[in-house]
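Novice: Need the 3D shape of this:
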Amino acid sequence: MTAPTTPKVEDDGASLISILDELTDMVERARAMPMSASVLVNKAETLDLLDAARGVVPAEIHAADDIVADADAVLERARDKAQEIVAQAEAEAERLVAAERVVALAQERAEDIVAQARVKAARLATDADDYCDRKLAQLEIELGTIASQVSAGREALAARAKHTVDDGA
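Specialist: Numbers count the residues shown, from 1 in each chain. As a prediction, the model looks like this:
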């Protein structure tokens, strides 16, 4: 059996990927069983690494929540800016109508300003939605990768456990 090692898990800086890398390294370094694909690993070390992985997953989820909150804040700021632009456009339209210019010309100009403001507001909202979608897509990819790695690790452990039971019988 290999010499026990302490998992390289830092309290704050641990990531699921580094824990899985260490687990993979431990399996690759493990002593092979003669004439078999099975290896001997330290049970306590393996369980410690798996516990550390379970502890890191909530931190990854918190990071995802922070990304979503950031995206929501960007969207809210864009909506506020859009409302401000519309309000300014409407105020400008009222000012033009009240001025000494020809009422028809002022009304036409005011409508143009409001229309431009609505277009700009819609563009800001679309840009904010696109930003949120990109961030959520990135998060989805990262969570998919993590899920795949966890699944592969569990499958490898299950296969090793099956070989150990089969070899022991």
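
Novice: can we go C-alpha only for contacts and neighbour counts from here?
Specialist: Will do.

Novice: could you say what helices and strands the lengthiest helix in the chain packs with?
Specialist: Of all the elements of type helix in the chain, the one with the most residues (DSSP state H) is helix 103-168. Contact partners of helix 103-168 among helices and strands, from 3 or more CA pairs under 8 Å, 6 or more residues apart in numbering; DSSP states H and E: helix 16-29, helix 43-98.

Novice: Let's have those in JSON lines, adding mean pLDDT, distance to residue 160 and mean neighbour count.
Specialist: Output for these, formatted as JSON lines (pLDDT from 0 to 100; distance: least, CA to CA, whole Å; neighbours: other CA atoms under 10 Å):
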{"stretch": "helix 16-29", "mean pLDDT": "87", "distance to residue 160": "10", "mean neighbour count": "17"}
{"stretch": "helix 43-98", "mean pLDDT": "83", "distance to residue 160": "12", "mean neighbour count": "16"}
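
Novice: Among the ones you listed, single out whichever gets nearest to residue 163.
Specialist: The closest of these to residue 163 is helix 16-29. By CA to CA, the value is 14.2 Å.

Novice: what's the angle from the closest one to helix 43-98?
Specialist: Orientation check (axes from the mean of the first three to the mean of the last three CA atoms, to 10 degrees): helix 16-29 against helix 43-98 gives 160 degrees.

Novice: Following the chain past helix 16-29, name the next helix or strand.
Specialist: Per DSSP states H and E, the first helix or strand lying C-terminal to helix 16-29 is strand 31-32.

Novice: Show the average pLDDT along that following strand.
Specialist: Here strand 31-32 scores 86 as its mean pLDDT.

Novice: Show me the strands paired with it, marking each as parallel or antiparallel.
Specialist: strand 39-40 (antiparallel) (DSSP bridges).

Novice: quick one: contacts for the residue nearest the centre of the chain?
Specialist: Residue closest to the average C-alpha location in the chain (CA atoms, centre = their mean): residue 139, at 2.6 Å. Residue 139 sits next to residue 64 when contact means CA atoms under 8 Å, 6 or more residues apart in numbering.

Novice: Please tell me how far it sits from residue 131.
Specialist: Separation of residue 139 from residue 131 (CA to CA, to the nearest Å): 12 Å.

Novice: that older thread, now the helices and strands packed on helix 103-168 as TSV including distance to residue 143?
Specialist: Formatted as TSV, the helices and strands packed on helix 103-168 follow (distance: least, CA to CA, whole Å):
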stretch	distance to residue 143
helix 16-29	11
helix 43-98	9
